[in-house]
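[1] For reference, the sequence and a predicted model appear below.
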Amino acid sequence: MPRLFTGLEIPSDMSDALARMRGGLPGARWIDQQNYHITLRFIGDIDHATARDIDAALGEVHREPVAVTLDSLSAFGGGRPRAVIARVAPTAALAELQADQERRVRSAGIPPEGRKFTPHVTLARLRDASPMDVADYLALRGAFPTMRFTAYRFVLFSSRDSVGGGPYVIEAAYPLG
């Protein structure tokens with residue numbers, strides 16, 4: 001059974017810039033830069049027939065290209081940090097693209113996503129990282145350079161069953177515009 005999710009790819013020049021932020025954080029498992037992406041909808045482990053239904057449903061998405069801005073570094077997990085991320089500034093166009101995919105995936109029989117959509121790029125997964133070390137890491141990189149790009153497609157990724165972080169394979173691409 002494939003494990004699927006939809007997302008936006010990160011341009012290589014931005015991936016290079018994000019990868020330069022790696023290091024200096026005990027307990028961090030840094031994501032390979034070729035696996036940087038913005039998840040739009042996690043689908044999960046599904047059978048091949050459902051995967052075909054989802055592919056067909058996603059092929060019906062008709063949206064304009066989406067402007068994307070990465071505007072800061074942050075962390076998920078509060079007192080027990082679990083990831084370092086590059087935050088994506090929320091926009092109506094990005095939220096509408098995600099909501100359209102949510103509706104289509106649900107129409108293919110997948111349960112609703114239980115988590116609120118928070119657009120981001122995961123840079124590292126954390127294990128036993130102290131909140132103070134994470135705060136120090138973020139403070140040292142406080143001058144995050146705003147990065148912008150336009151997404152002209154979204155993709156259906158697959159991943160192997162693992163602890164996360166890739167490798168990810170593009171199974172299908174869907175144009176925007």
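    Looks like it arrived, so ask away. Numbers count the residues shown, from 1 in each chain.
[2] just checking, what's the longest strand in this protein?
    Scanning the chain for the strand with the most residues, using DSSP state E, yields strand 66-76.
[3] okay, it in PDB with CA atoms only?
    Listed in PDB are the C-alpha atoms of strand 66-76, where the atom choice follows Å, rounded to 0.1, in the frame of the first residue of the first chain:
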ATOM      1  CA  VAL A  66       0.000  30.200  -5.900                       C
ATOM      2  CA  ALA A  67       2.500  32.800  -4.600                       C
ATOM      3  CA  VAL A  68       4.400  31.300  -1.600                       C
ATOM      4  CA  THR A  69       6.400  33.200   1.000                       C
ATOM      5  CA  LEU A  70       8.700  31.600   3.600                       C
ATOM      6  CA  ASP A  71       9.000  34.300   6.200                       C
ATOM      7  CA  SER A  72      10.600  32.900   9.400                       C
ATOM      8  CA  LEU A  73      12.000  30.000  11.300                       C
ATOM      9  CA  SER A  74      10.000  28.400  14.100                       C
ATOM     10  CA  ALA A  75       9.500  25.200  15.900                       C
ATOM     11  CA  PHE A  76       6.500  22.900  16.600                       C
END
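[4] From the contact counts, what lies against it?
    strand 83-88, helix 92-107, strand 120-126, helix 131-140, strand 147-151 (3 or more CB pairs under 8 Å, 6 or more residues apart in numbering; DSSP states H and E). C-beta here means a position set from N, CA and C on the backbone, and glycine is covered the same way.
[5] Tell me which other helices or strands the shortest one touches.
    With contacts defined as 3+ CB pairs under 8 Å, 6+ apart, the secondary structure elements packing on strand 147-151 are helix 12-19, strand 66-76.
[6] Quick one, which of those gets closest to Thr6.
    strand 66-76 (12.7 Å; CB to CB).
[7] chain center to stretch 28-48: distance?
    Distance of stretch 28-48 from its chain centroid, counting by CA atoms, centre = their mean, to the nearest Å, is 6 Å.
[8] What mean pLDDT does it get?
    Confidence over stretch 28-48 (mean pLDDT, whole number) is 95.
[9] Span of that stretch from start to end?
    The distance separating the two terminal residues of stretch 28-48, taken as CA to CA, to the nearest Å, comes to 34 Å.
[10] what does stretch 142-159 give?
    Distance between the two ends of stretch 142-159: 32 Å, counting by CA to CA.
[11] what do you get for stretch 17-36?
    Termini of stretch 17-36 sit 11 Å apart (CA to CA).
[12] who's in contact with it?
    With CB atoms under 8 Å, 6 or more residues apart in numbering as the test, stretch 17-36 has contacts from 10, 14-16, 70, 73, 84, 86, 121-130, 133-134, 137, 140-141, 145, 147, 165-168.
[13] 6 Å - rerun?
    10, 15, 86, 121-129, 133, 137, 141, 165-166, 168 (CB atoms under 6 Å, 6 or more residues apart in numbering).
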